[in-house]
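**Student:** Provided below for reference: sequence and predicted model.
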Amino acid sequence: MLKFMAQLDYLRNVQHNFEFGDRLDIVGVFSKILLIVVPVVVAIALWRYRHILAFFFFRFFARLLSPRSRMVVEEYLVAKGILLNICLYSDKKVGKKIAHARVAEVVGGKMKLQLVHVEPTALNLKNKQVICFIKPFTYFGKKINSFVTFVSHVVKRGAVIKELSLSTPIGYRFVIRRKHRRQHVAREGTVRVKAWDGRKRNKFWLVKPDLQTVNNPARYGNKTRLSVENISAGGMRVLVLNPRGNLPPLNEGNQLVLRVSLWNTNTKKFSYFNVMGTIRSRFKGKGRSIGLGIQFTAEGNKVSGQYHWKILHGEVKSLVQFLEKNTE
């Protein structure tokens, strides 16, 4: 500070030695510029880094109030070598996957990671917000499977991450993960489904469906039928309305052969595909209906008059773009 004041005095002396009449006060102008520019720069910096500043502010008080609970979780992550699935996180949306890693140690408010697999990226990851998913476990009755934090240290060689550290999070939580975005079916008839008992997979096309949606629900009254609530590239949620009679097995783990037809707004025609659907959940729907959460597990293609089933790994690829453009 003394050095800075001495420099200002020196500038004033230089100005006085060369001034002729009313000359511009250089030091005064310079001081006024600083008074304006510095607050503006500080304000811009605070706004730009507001999320990470708020993160450290709340983390300080959270760890001050209950340091032990977070320490136990972090010790568990290190001791068990729990695998983290690290993804970018922005506006509460899960983005691109960055890496799979394990927590090598926790020190000084940082998680130093042992990288297992990394995804090449050209992004500057320093101070980027990320979400880490882990295998669910229970701590004092609370289920945990994720946490949100920021990248504190990163070393890259080209597009490949070589070192990565994360700030310890404010807390740990449980979130429901859905790999595929579900689209609500707003109007019956845009998605039509015929369903057969899974044991009929080798001859289903020769016999009448065990369950199906209908074109004009009002005409069917209390008859048993299907209704589609939502659909994604990986599965669907349906209701069995007015269930009665000889229904196929509808418990968790049972399989159904499904012919799913979707209305194509471009061609004004229905496009369909055949899949094996495994029932993953069963619940009570409105009225006396049976709700089913179904995952697509195999896709059927007809060859020489017979259907051959190919195991699906997560989604029906032909559905990904089709649903985005055509499902209401």
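**Tutor:** All right, it came through fine. Residues are numbered from 1 along each chain as shown.

**Student:** Tell me where the model's unsure across the stretch 51-200 of the chain.
**Tutor:** Counting by pLDDT under 70, the stretch 51-200 of the chain has low-confidence residues at 176-189.

**Student:** tell me the mean pLDDT over stretch 284-300?
**Tutor:** For stretch 284-300, mean pLDDT rounds to 89.

**Student:** which residues touch Ser146?
**Tutor:** When contacts are counted by Cβ atoms under 8 Å, 6 or more residues apart in numbering, Ser146 touches Ile131, Cys132, Phe133, Ile134, Tyr172, Arg173, Phe174, Val175. Every C-beta, even on glycine, is put in place using the N, C-alpha and C of the backbone.

**Student:** Could you rerun that using 10 Å?
**Tutor:** 84-85, 87, 89, 94, 131-134, 136, 169, 172-175, 177 (Cβ atoms under 10 Å, 6 or more residues apart in numbering).

**Student:** Of those residues, which is the nearest to Asn202?
**Tutor:** For those, the minimum distance to Asn202 (Cβ to Cβ) is 34.8 Å, reached by Arg177.

**Student:** hey, where'd the strands end up in the stretch 101-250 of the chain?
**Tutor:** Applying DSSP state E, counting those that start in this stretch to the stretch 101-250 of the chain gives strands spanning 110-118, 129-139, 142-157, 160-167, 183-184, 191-197, 211-212, 225-232, 235-241.

**Student:** still on that earlier bit, would you show me how to pick out the buried ones of the contacts of Ser146 in PyMOL?
**Tutor:** To isolate the buried ones among the contacts of Ser146 in PyMOL, judged by 16 or more other Cβ atoms under 10 Å, type:
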select buried, resi 84+85+87+89+94+131+132+133+134+169+172
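
**Student:** now, the most widely separated pair of the contacts of Ser146?
**Tutor:** Tyr89 and Pro136 (18.5 Å).

**Student:** Quickly list the domain ranges of the chain.
**Tutor:** If you go by automatic domain parsing, the domain ranges for the chain are 65-167, 183-326.

**Student:** Can you give the distance of the last one from its chain's centre?
**Tutor:** In other words, domain 183-326. 26 Å (Cα atoms, centre = their mean, to the nearest Å).

**Student:** mind checking which helix or strand the most centrally placed residue in the chain is in?
**Tutor:** What sits nearest the mean C-alpha location of the chain, by Cα atoms, centre = their mean, is Val94, with 3.1 Å. Taking DSSP states H and E as the criterion, Val94 maps to strand 93-107.

**Student:** Quick check: neighbours of that strand in the sheet, parallel or antiparallel?
**Tutor:** strand 83-90 (antiparallel), strand 110-118 (antiparallel) (DSSP bridges).

**Student:** circling back to that earlier point, could the strands of the stretch 101-250 of the chain be laid out in a markdown table, adding distance to Gly253?
**Tutor:** Below are those laid out as a markdown table (distance: least, Cβ to Cβ, whole Å):
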| stretch | distance to Gly253 |
| --- | --- |
| strand 110-118 | 31 |
| strand 129-139 | 20 |
| strand 142-157 | 23 |
| strand 160-167 | 38 |
| strand 183-184 | 26 |
| strand 191-197 | 14 |
| strand 211-212 | 18 |
| strand 225-232 | 19 |
| strand 235-241 | 14 |
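
**Student:** Please consider this matter closed, and thank you.
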